[in-house]
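*Asks:* only the shape, not the letters, is given here:
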Ligand code: GLN
């Protein structure tokens, strides 16, 4: 049952949708994944779930988009469920100050990535989830968690996006082989990468994404996939590392934990208050959604949701 509607929130979303379309400052879609490069950047959607069950949207909230690095949040939840705190022996919890696909710290830090949200850390996280079993079983676990958290079985992987990335993903291949050279991969690099590319190719709408974030927002009625103690920690990582070298800027502008993907998606959590899914495929120079970040800042200001 959903609770009473918050008309101020709906009005804020409608206004934000109008504002970003009027400003038309979209940025460009990710160029290095051919399937994403072809997407029209002039698109926008936003959805919000509240604890009372009420849901709000504006823009193209029933368009599915590639969640890309937002999948790293769900893979982390799955990996922590499988191996627990032992994961932190293989990956750190500090912001990197480097771009999402950087190799630079891996050499000086001997193959232990800074955090689970840069690509190197996400590849290690997926490898921990994969270890000792077939990729399809690890993928089934990630997608099962996404579906359970969103209370929706109609969430799937677009295999053509995974293939598109595999064909062009030289940088991720380099990262995986470098991790392997430091003994920080259990599986063959190609197997771990194949799993990683497929998890990144999960497609969702902003409404499905907002629903999937309810557990991170700590809602009492969220599906019980994620213990509160773990949600707190994942929100902390999203705040400090969720936007790579743009994480400080996102915290400064929005004041909320968030995770971006190069598909232009954003999952933003206002702990105890709201779970927010945003999509606009044009990116800024960090690889984070340009209009999406603008929208998150406008919403946080309008609703006074910043944690600061
Ligand atoms: N699949 C993408 C990659 O590995 C994810 C990156 C992202 O969304 N920032 O490059």
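*Replies:* On my side now, so go ahead. It should be emphasised that the depicted structure is a prediction, and the values quoted were computed from it without experimental measurement.

*Asks:* assign the closest residue to residue 153 other than its chain neighbours to helix, strand or coil.
*Replies:* Nearest residue to residue 153 in three dimensions, chain neighbours excluded: residue 147, at 5.2 Å (CB to CB, 6 or more residues apart in numbering). C-betas here are computed from N, CA, C, even on glycine. Under DSSP: H, G, I helix; E, B strand; the rest coil, the three-state class of residue 147 is helix.

*Asks:* what's near enough to touch residue 171?
*Replies:* Contacts here follow CB atoms under 8 Å, 6 or more residues apart in numbering; on that basis residue 171 touches 32, 101, 103, 119.

*Asks:* residue 269 - that's part of a strand, no?
*Replies:* Yes. Membership of residue 269 in a strand is supported by three-state DSSP.

*Asks:* and the pLDDT for it?
*Replies:* At residue 269, the pLDDT value in this model is 98.

*Asks:* and the residue of the stretch 101-250 of the chain closest to the ligand?
*Replies:* In the stretch 101-250 of the chain, no residue comes nearer to the ligand than residue 200, which is 3.6 Å away by CB to the nearest ligand atom.

*Asks:* one step back: and the residue nearest to residue 153, how many residues sit next to it?
*Replies:* A count of nearby residues for residue 147, using other CB atoms under 10 Å, gives 20.

*Asks:* and if you look at the one 4 residues further on?
*Replies:* Residues contacting residue 151 under the criterion other CB under 10 Å number 12.

*Asks:* touching, it and residue 210? I think so.
*Replies:* No. Contact criterion CB atoms under 8 Å: residue 151 and residue 210 do not qualify, at 11.5 Å.

*Asks:* how near is the residue most central in space within the chain to the ligand?
*Replies:* The chain has residue 70 as the residue nearest its centroid, 1.4 Å off, counting by CA atoms, centre = their mean. Look at residue 70 and the ligand: by CB to the nearest ligand atom, to the nearest Å, they are 7 Å apart.

*Asks:* look at that residue and give its secondary structure.
*Replies:* Going by three-state DSSP: residue 70 is helix.

*Asks:* who wins for most neighbours among the contacts of residue 171?
*Replies:* residue 119 (23 neighbours).

*Asks:* what sits against that one?
*Replies:* Residue 119 touches 69, 100, 101, 171, 172, 175, counting by CB under 8 Å, 6+ apart.

*Asks:* what about the helices in the protein?
*Replies:* With helices called from DSSP state H, the chain shows them at 7-23, 34-37, 71-83, 104-108, 119-130, 135-150, 159-168, 170-181, 189-200, 206-212, 228-241, 247-254, 290-303.

*Asks:* so how far is the second one from its chain's centroid?
*Replies:* From the chain centre to the centre of helix 34-37 is a distance of 18 Å (CA atoms, centre = their mean, to the nearest Å).

*Asks:* flag every residue of the protein that's near the ligand.
*Replies:* 68, 69, 100, 101, 119, 165, 172, 200, 261, 262, 287 (CB under 6 Å from any ligand atom).

*Asks:* now those residues in JSON lines, with distance to residue 27 and pLDDT?
*Replies:* Output for the residues of the chain next to the ligand, formatted as JSON lines (distance: CB to CB, whole Å; pLDDT from 0 to 100):
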{"residue": "68", "distance to residue 27": "15", "pLDDT": "98"}
{"residue": "69", "distance to residue 27": "16", "pLDDT": "98"}
{"residue": "100", "distance to residue 27": "15", "pLDDT": "92"}
{"residue": "101", "distance to residue 27": "18", "pLDDT": "91"}
{"residue": "119", "distance to residue 27": "20", "pLDDT": "97"}
{"residue": "165", "distance to residue 27": "20", "pLDDT": "93"}
{"residue": "172", "distance to residue 27": "22", "pLDDT": "96"}
{"residue": "200", "distance to residue 27": "19", "pLDDT": "98"}
{"residue": "261", "distance to residue 27": "14", "pLDDT": "98"}
{"residue": "262", "distance to residue 27": "11", "pLDDT": "97"}
{"residue": "287", "distance to residue 27": "10", "pLDDT": "95"}
